[in-house]
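[1] Fold the following and give me the result.
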Amino acid sequence: MHSQTRNVSALSTSILIHTVVLVVLWVLRIDLLPAIPDVVVETFFNEEQTQEKFVKELEEQTEISETQNVNAGGVVSTTIGGAGTVQVAQTQIDTSESLKEPDVEVNITDVTLPGQEFLGEDLGVGEVNGEVGAVVEGYGAALSRITQELVRLMRERKVMAVWLFDESESMKDDQKEIATEFHKVYEELGIQQDQDEQIKKKGEVLTTSILGFGDRINVLTKTPTGDVKKIQQAIHRIGIDRTGNENMCKSIAAVLDQFTPLARKQKRQLVVIVVSDESPTDHVQIEQAIQRVKKAAAPIYILGREAIFGYPYARIRWKDPVYGLNHWVRIDRGPETAFPECLQYDGMHARWDAFSSGFGPYAHVRLAKHSGGIFFMLPGEEEQLDGAGANEARRFAALAMKEYEPLLLARRDYAQQVSSRPFRVAISNIIARLNPNDYPLIPSHDPKLNIQQHHYSIEAAEFRRQAVEAGQRAFRAMGLLSEAIAILDKNESLRAGENSQRWRANFDLIRSQCYAYRVRLFQFLLVLDKHAVEFPPPKQPKSNRWHFNRSRKMITPDDGQYKRVQVQLKLKAKRESFLAEMKDQQNRATQLFELVLAEHPGTPWARRARWELDHGYGMAIREGFHDPRYRDVGKRIKVPKF
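    The predicted structure follows:
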């Protein structure tokens, strides 16, 4: 009993010291990162001009089209920023062979775009830039639109379509659905061919090859064919790649090497259609892939998923066949921008949410756009996708999102543009400083930002050991958040000079999160201290773990807890002053979240702010049961890599 009392006292001292020191940090903010001048930088590139583009929402189609309705890709152009420095990873970018030669694109404004009918009838591949995104209701609608694109290309010459299917286990249902719907492509083409004299003269206008890709590429049709049954059988034979790699860029290069000579020999237009639910593993090679497809004049059409909002990862729930236990497998699903523009941190550890961005993954969309193809964004309802936001209606109003479109520059040009603007530099530096993930496109990461939230022991001694470590990390994280707040508040004057609504939204959300997360960590320390001192037994006999969760209920230190603070640290502040400071911090966080809602309605930034407000700033502890059979992961249970 004496030993347990000594342990409680030691733990209380450690945690309570941290708790009270943070009160000082709230008043005296420490700016340890490089100072950013409080000036607005005006350059020739301040105005980002984007030409009009066509973005369509496609309704789900289950019937074969019997009329000709041909649409061309939209036109999009972007500006390129100036030079400078910013905390973004550039090593792999600068060594890219494809970036050694300049890629010049003419940016013309005030032009009159030709009508849709003219584009559909007279323009072939390479004459227009591709679409940033077409929202579709399912594979049926996507296949129908692809058929229209193929008809447009067939006006010039016959087509060879190469389908590249992601071999991830998570894609098996998608492959089955496409195989079932595939006959509609050829049936619609047959109808169009009967109605179009120009196409009718060409004979077998479309041949198809089916390939799978993962770590490597697998050819499933010996030669391109027009036999629908052979095509469907090939899709059903697609295997499962166990490596977890989706090397799309390398696979496209291999397709071009193999099929470009054959397409030229047969005087066919080569088209590549990629089906994947993840961002490519080899995304750093996206510029090489773009150069290759431009040289081959081969448009790339991609059927993919919506990117996670400002974050590279999502999690798929997988049930093992041994015990039927749920496991959460991380997949690559973003971000929607060249580099992440949101916090990678949720106030306790690396993010675990699945909030949608409203756009496709950067690598997918950029490749489709610059090849003259289209990125088809499939429905967001995914039964196995897990995390906050996973089961929401994953669509934002097109009009509301118009001002928030990602800048689809090459990563090197994007980094130069960010570096030329101190406002964006400050935001990017904070994202890097508060990054708990080892992600290659963010130059630094801090694993100590990952604070244990779940699976605390019900044994007193082990719980206290875990609590000391968690308390130290929480205290440190609060200090980093204080630094971030000081920098953001210092650069608030630059917000008015920022011409990008997207970057203003990034600033607004990140600042509100920093305030909120600091309040929540303080609440976590209070709950941790209270539980360590009282350490009540679990109410349920089966319970074998303690878990911390977000709560709308805020706790305040009672007289006993506050007296421990005063005695151990000789504080003179009265309890009322201490509580008033806590309340001020909470009100400031709420005020900033409400600003996000008012300034950016109908956007992912507002959705995230609403979620943060709804879940409150408090923390609570609950008991739970952890199945001991999870110890067999890696032994009897082999968790796949998607």
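[2] Now do the helix or strand hosting residue 581: distance to the chain's middle.
    Applying DSSP states H and E as the criterion places residue 581 in helix 575-599. Centroid separation for helix 575-599 versus its chain: 29 Å, with C-alpha atoms, centre = their mean, to the nearest Å.
[3] next one: stretch 444-458
    For stretch 444-458 - counting by C-alpha atoms, centre = their mean - the centre lies 22 Å from the chain centre.
[4] same thing with stretch 296-305?
    Put simply, stretch 296-305 sits 20 Å off its chain's centre (C-alpha atoms, centre = their mean).
[5] Check which residues of the following helix or strand past the helix holding residue 581 are buried.
    Going down the chain from helix 575-599, the next helix or strand is helix 604-615, by DSSP H and E. Under the neighbour-count criterion of 16 or more other C-beta atoms under 10 Å, helix 604-615 has 604, 605, 606, 607, 608, 609, 612, 613 buried. C-beta: built from backbone N, CA, C; applies to glycine.
[6] Strands of the protein, start to end?
    All strands of the chain, identified by DSSP state E, fall at 57-58, 131-136, 158-166, 206-213, 217-219, 268-275, 300-304, 313-319, 326-332, 374-377, 385-386, 545-551, 618-624.
[7] Run the angle between the fourth one and strand 268-275 for me.
    Same thing as strand 206-213. Per axes from the mean of the first three to the mean of the last three C-alpha atoms, to 10 degrees, the angle that strand 206-213 makes with strand 268-275 is 40 degrees.
[8] Does anything pack onto strand 206-213? Which helices or strands?
    strand 158-166, helix 183-195, strand 217-219, helix 228-236, helix 248-265 (3 or more C-beta pairs under 8 Å, 6 or more residues apart in numbering; DSSP states H and E).
[9] elements contacting the second one?
    Taking 3+ C-beta pairs under 8 Å, 6+ apart as the contact definition, the neighbouring helices and strands of helix 183-195 are helix 139-154, helix 197-200, strand 206-213, helix 228-236.
[10] And it, what's buried?
    Across helix 183-195, burial judged by 16+ other C-beta under 10 Å covers 184, 185, 186, 188, 189, 191, 192, 193.
[11] gap between the closest residue to the third one other than its chain neighbours and residue 606?
    Right, residue 186. Among residues not flanking residue 186 along the chain, residue 228 sits closest, at 5.2 Å (C-beta to C-beta, 6 or more residues apart in numbering). In this view, residue 228 and residue 606 are 46 Å apart by C-beta to C-beta, to the nearest Å.
[12] what about the nearest residue to residue 241 once chain neighbours are set aside, neighbour count?
    Excluding the flanking residues, the one nearest residue 241 by C-beta to C-beta, 6+ apart is residue 214, at 2.5 Å. By other C-beta atoms under 10 Å, the residues close to residue 214 number 25.
[13] mind showing which ranges of this structure have poor pLDDT?
    For the chain, the stretches flagged by pLDDT under 70 are 1-133, 193, 197-202, 380-381, 394, 564-571.
[14] can you tell me which helix in it is longest?
    Secondary structure assigned by DSSP state H gives helix 501-534 as the longest helix of the chain.
[15] if we can go back for a sec, quick one, which of the helices and strands packed on strand 206-213 is packed in tightest?
    Sort these by mean neighbour count, taking mean count of other C-beta atoms under 10 Å, and strand 158-166 sits at the top with a mean of 24.
[16] Measure how that one sits relative to strand 206-213, angle-wise.
    Strand 158-166 runs at 20 degrees relative to strand 206-213, counting by the same axes, to 10 degrees.
[17] chain center to strand 158-166: distance?
    A distance of 27 Å separates the centroid of the chain from that of strand 158-166, by C-alpha atoms, centre = their mean.
[18] quick one: strands adjacent to it?
    strand 206-213 (parallel), strand 268-275 (parallel) (DSSP bridges).
[19] Any chance of a markdown table for the ones you listed, columns distance to residue 300?
    Converted to a markdown table, the strands paired with strand 158-166 look like this (distance: least, C-beta to C-beta, whole Å):
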| stretch | distance to residue 300 |
| --- | --- |
| strand 206-213 | 13 |
| strand 268-275 | 5 |
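[20] can I get the ones you listed in JSON lines with distance to residue 547 and mean neighbour count?
    Output for these, formatted as JSON lines (distance: least, C-beta to C-beta, whole Å; neighbours: other C-beta atoms under 10 Å):
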{"stretch": "strand 206-213", "distance to residue 547": "40", "mean neighbour count": "24"}
{"stretch": "strand 268-275", "distance to residue 547": "39", "mean neighbour count": "24"}
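[21] Which of the ones you listed sits closest to residue 170?
    Taking C-beta to C-beta, strand 268-275 is the member of the strands paired with strand 158-166 nearest to residue 170, at 11.9 Å.
[22] CA atoms of the closest one as CSV?
    C-alpha atoms of strand 268-275 as CSV (Å, rounded to 0.1, in the frame of the first residue of the first chain):
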residue,chain,number,x,y,z
ARG,A,268,-4.7,3.0,-84.0
GLN,A,269,-5.0,5.6,-81.3
LEU,A,270,-3.6,4.2,-78.0
VAL,A,271,-5.8,4.9,-75.0
VAL,A,272,-5.0,3.8,-71.4
ILE,A,273,-7.7,3.4,-68.8
VAL,A,274,-6.7,3.0,-65.2
VAL,A,275,-9.0,1.6,-62.5
